[in-house]
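# Build me a structure from this.
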Amino acid sequence: MQEDITDPQQSAAEGNAADDVSLLQTQLVEAQAQLAAAKIEAASARDAQLRAAAELDNVRKRAEREISNSLKYGADRVLGELLAISDSLDLGLQAAAAPEANVKAIADGLALTRQQLSAFFEKHGVKVVDPAGQPFNPDLHEAVSAIESAEVAPNHVLSVMQKGYRLHDRLLRPAMVMVAKAPSTPAQ
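Residues are numbered from 1 along each chain as shown. This next block holds a predicted model:
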């Protein structure tokens, strides 16, 4: 019978190799588990990113719709208030067209309609720029002509051809005015 003779060094080397293989297999399993976890985390992050992008796009579209509707229908309340003034004007025109039209009654009706319009302007922050007798201000007034005047100081508004209007602090329309200038002295 032949005895099995093993070399102690060979046996130790085979044991070390087996340990190394076992260690590598363990590391491989751990790396595969980490890779699987990283793939799941990446997929989750990608899904969250896509959802956030979709939500941002929805918010942008909603904001665009709201802005469009505001521009389209934002004046409906103000215009609705103007309808009463339009109705008053229509009634005045009908009264003026009647054969028994009374000039005084029509004038009174126009005055009431003008009061409605003035109240509407006041309610919405519109102020009249009526600068008669005031110094000329090119920021608020548009000079149509300059006329010599001994009664009104030079560079002051002599007469207002068309009133101007302001909305709060913003000029909607300048007042069209005639400005006084010093009378020319006769040549000596």
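# After the host helix or strand of residue 30, which helix or strand is next? Please name it.
Element membership of residue 30, judged by DSSP states H and E, is helix 8-73. Downstream of helix 8-73, the next assigned helix or strand under DSSP H and E is helix 76-97.
# Can you give me the domain boundaries for the protein?
Using automatic domain parsing, the domain parsing of the chain gives 19-73, 75-124, 126-188.
# taking these together, which one is wrapped up most tightly?
domain 126-188 (a mean of 14; mean count of other CB atoms under 10 Å). Glycine gets a C-beta too; all of them are placed from N, C-alpha and C.
# so for it, what's the average pLDDT?
The pLDDT scores in domain 126-188 average 91.
# can you give me how far that domain is from the chain middle?
Centroid separation between domain 126-188 and its chain, computed with CA atoms, centre = their mean, to the nearest Å, is 34 Å.
# next one: stretch 125-140
Once both centres are worked out by CA atoms, centre = their mean, stretch 125-140 turns out to sit 28 Å from its chain's centre.
# and residue 177, what are its phi and psi?
phi -130, psi 160 (degrees, to the nearest 10).
# Correct me if wrong: it contacts residue 137.
No. In this structure, residue 177 is not within contact of residue 137 by CB atoms under 8 Å, at 9.6 Å.
# Mutual contacts of those two, please.
Counting by CB atoms under 8 Å, 6 or more residues apart in numbering, the common neighbours of residue 177 and residue 137 are residue 131.
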